[in-house]
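Enquirer: With the sequence up front, the predicted model follows.
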Amino acid sequence: MIEWYKKVVFENYANFEGRARRKEYWMFFLANMIISFALGFVMGLISPSLGLVANVYSLAVLVPSIAVAIRRMHDVGKSGWFILIPIYNLILACTEGDKGANAYGPDPKNEFDEVNEIGKAEL
């Protein structure tokens, strides 16, 4: 889980291009919720004025959260603007991504996409 979190936050901090598979999105979401809750709880116990630390963390991961959500919408073949539609974006986030390449890039589950395309005629 931590590897997926580091991949989103450090390697793809503001990457709005390409696709993010379900596992990447949900593992980041889970790790982010655990860290946010832990920071808020611990800082609230120590001193209520230290709650600012949790807010700073939330601001720090705002851009990667939006970026991974947009890449998740790209994986199901939708525009990143679909994250603004309340219930439908949750349905799309839970939906399996398009098999093979789509308009937003190659399939993130298929590492050997080029090999599978050898010998296929283009339409």
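Expert: Here it is on my side, so go on. Residues are numbered from 1 along each chain as shown.

Enquirer: Am I right that Gly80 is in contact with Asn89?
Expert: No: in this structure, Gly80 is not within contact of Asn89 by CB atoms under 8 Å, at 10.1 Å. Glycine gets a C-beta too; all of them are placed from N, C-alpha and C.

Enquirer: Pass me the low-pLDDT residue ranges in the chain, would you?
Expert: 111-123 (pLDDT under 70).

Enquirer: How about the contacts made by the residue nearest to the spatial centre of the chain?
Expert: Geometric centre of the chain, nearest residue: Val68, 2.7 Å, by CA atoms, centre = their mean. Contacts for Val68 (CB atoms under 8 Å, 6 or more residues apart in numbering) come out as Val8, Asn12, Ala20, Glu24, Tyr25, Phe28.

Enquirer: Mind putting these into a markdown table with distance to Val42?
Expert: Formatted as a markdown table, the contacts of Val68 follow (distance: CB to CB, whole Å):
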| residue | distance to Val42 |
| --- | --- |
| Val8 | 23 |
| Asn12 | 28 |
| Ala20 | 29 |
| Glu24 | 27 |
| Tyr25 | 26 |
| Phe28 | 21 |
